[in-house]
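> For reference, the sequence and a predicted model appear below.
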Amino acid sequence: MRVFIAEKPSLAQAIFEGLGGNIANQKKANGYFENGTDIVTWCYGHMLELFDPEDYDPNLKTWRLDDLPLKAVYPPKLKPIAKSVVQLNIITGLIKKADSIVNAGDPDEEGNLLIDEILTHVNSQKPVERLLVADLNVKAVKKSLASMRPNSEFASMTQSALARSIGDQLFGYNLTRAFTLKAKEKGYGNVLNVGRVQTAVLGLINNRTLANLNHSESFYYVLSGSFSFSKGSIHAKYLPGEDDNVDEKKRLTSELDAVMIKDNCLEQATMISEASTKAESKAAPLPFNLSTLQQTCAKQHGLSADDTLKLVQSLYETHKLLTYPRSDCRYLSDEHYAGASEVLVAIVGTIPGLSSSIEGTDSRLKHKAFNGGKITAHHAIIPTEKSGKGINLSPNERMVYE
């Protein structure tokens, strides 16, 4: 029996269908799907968490400066997350019955750790393969199932995620206890939470808030005009000179100077001393990763980063119109280049209004984005080969897809 352990139910369903299973005949309440000798079960994110200091030593339940710094225990011990116990018991039961295991965590470091930590927790010594799924459509899943690799090849990714987790815990527990205890000496009664990420982010927000509060208004002036000559007209901007009052960015700061220059130039004869033209070409930008997609949606549509993530997650999981969204990569492989025509057809099916643009596309051109050497655990976020024709997308989902 081969047991697939997916990071989440939606991925488990896609794998089950990729194996040829019929979801209509399955009972999700069992905690797994069954297709012949293949079993597909799922997690709900992390099912285990690191031991707390007091789990190793009950004396550490009381916070004392003399106990600091707390030391890391390696390899760390793990304990079930309370809300995950029922499903975790199903997974561990299936592991014990299995002949082999497939790690089907998301295609990133955290996805690797999420499944590997369960295998470590139950001390499984059974052979393990790694399945990397970035597109939940059946065709793409089948292709991934045909190219699984030994899980051992990804051990460094698991170790990297585990090191980050241990580092976060050490940083948080030591500094939270130290700051809280020292603050208590000064009469402060609450816990002062310190985190490797949260404290740095709060610091950035605080510094930016203080800068805004202490900002003093300053003014500068831009002079521009239209100039007509025998062959047409041009629009030009005044460049301040050495004798002008300017700020550190060479912008005109004196209103009197601006008015005087304008009055002196108004309706006066002008001479063009030099003119040049040159042809330029500009490549299309690289495809999106999650960060650049969130920035673009914020600038163009006012969406928060969290709103964009939820929408792109829906387009990936629910509608299967986009590839894996939590990507930090902006590059694609030669395999994506070979399949570009199918993606273009799918785009027209989803947004018919783009048909004229798609028809004018020269798919023989190869952008620098197609560079497999720059792909790590992920590739860029792109449309899948699935057409959205007949799918009722919300206005915001359609906006993000476009």
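Cool, the structure landed. The model shown is predicted, which means the values in this text are computed figures rather than measured ones. Numbering: from 1, shown residues only.

> drop to CA atoms for contacts and neighbour counts, all remaining ones
Noted.

> contacting residues for Cys43?
For Cys43, the set of contacting residues under the criterion of CA atoms under 8 Å, 6 or more residues apart in numbering consists of 5-9, 87-88.

> out of the residues you listed, who's nearest Thr199?
For Thr199, the closest of the contacts of Cys43 turns out to be Glu7, at 28.6 Å, with distances computed as CA to CA.

> how about that closest one, what does it touch?
Shown here is Glu7, whose contacts under the criterion CA under 8 Å, 6+ apart are 42-45, 104-106, 111, 114-115.

> Could I have the buried ones of these as PyMOL selection syntax?
With 16 or more other CA atoms under 10 Å as the criterion, this PyMOL line picks the buried residues out of those:
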select buried, resi 42+43+45+104+105+106+111+114+115
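
> Leu136 is in contact with Glu317, correct?
Yes - taking contact to mean CA atoms under 8 Å, the distance of 6.9 Å between Glu317 and Leu136 places them in contact.

> and the two? which has more neighbours close in?
Neighbours were counted for Glu317 and for Leu136 using other CA atoms under 10 Å; Leu136 has more, 28 against 21.

> got the contact list for the more buried one?
For Leu136, counting by CA under 8 Å, 6+ apart, the contacting residues are 11, 14, 316-317, 320, 323.

> quick one: it from Thr384, how far?
Shown here: Leu136 relative to Thr384, a distance of 9 Å by CA to CA, to the nearest Å.

> can you pull out the helices in the chain?
When secondary structure is read from DSSP state H, the chain shows helices at 9-18, 53-56, 85-97, 109-121, 138-145, 155-185, 198-213, 255-265, 290-301, 305-317, 334-338, 340-350, 355-359, 395-401.

> what does stretch 73-90 rub up against?
Contacts made with stretch 73-90 from outside it, assessed by CA under 8 Å, 6+ apart, are listed as 31, 43-44, 46-51, 121.

> how far does that stretch stretch from start to finish?
Taking CA to CA, the span from the opening residue of stretch 73-90 to its closing residue is 28 Å.

> Next, the buried residues of it.
Buried, per 16+ other CA under 10 Å, within stretch 73-90: 77-78, 80, 87-88.

> Return the member of those residues nearest to Ile391.
Within those, the smallest distance to Ile391 is 32.0 Å, found for Gln87 (CA to CA).

> Per-residue pLDDT of the closest one, please?
What the model reports for Gln87 is a pLDDT of 97.

> same question, Lys299
Looking at Lys299 specifically, the model assigns a pLDDT of 96.

> Likewise for Ser144?
The predicted structure scores Ser144 at 93 on the pLDDT scale.

> Test my guess that it contacts Val133.
Yes - with contact defined as CA under 8 Å, Ser144 counts as touching Val133 (6.2 Å).

> pLDDT weak spots in the chain?
Using pLDDT under 70 as the threshold, the predicted model of the chain has low-confidence ranges 28-29.
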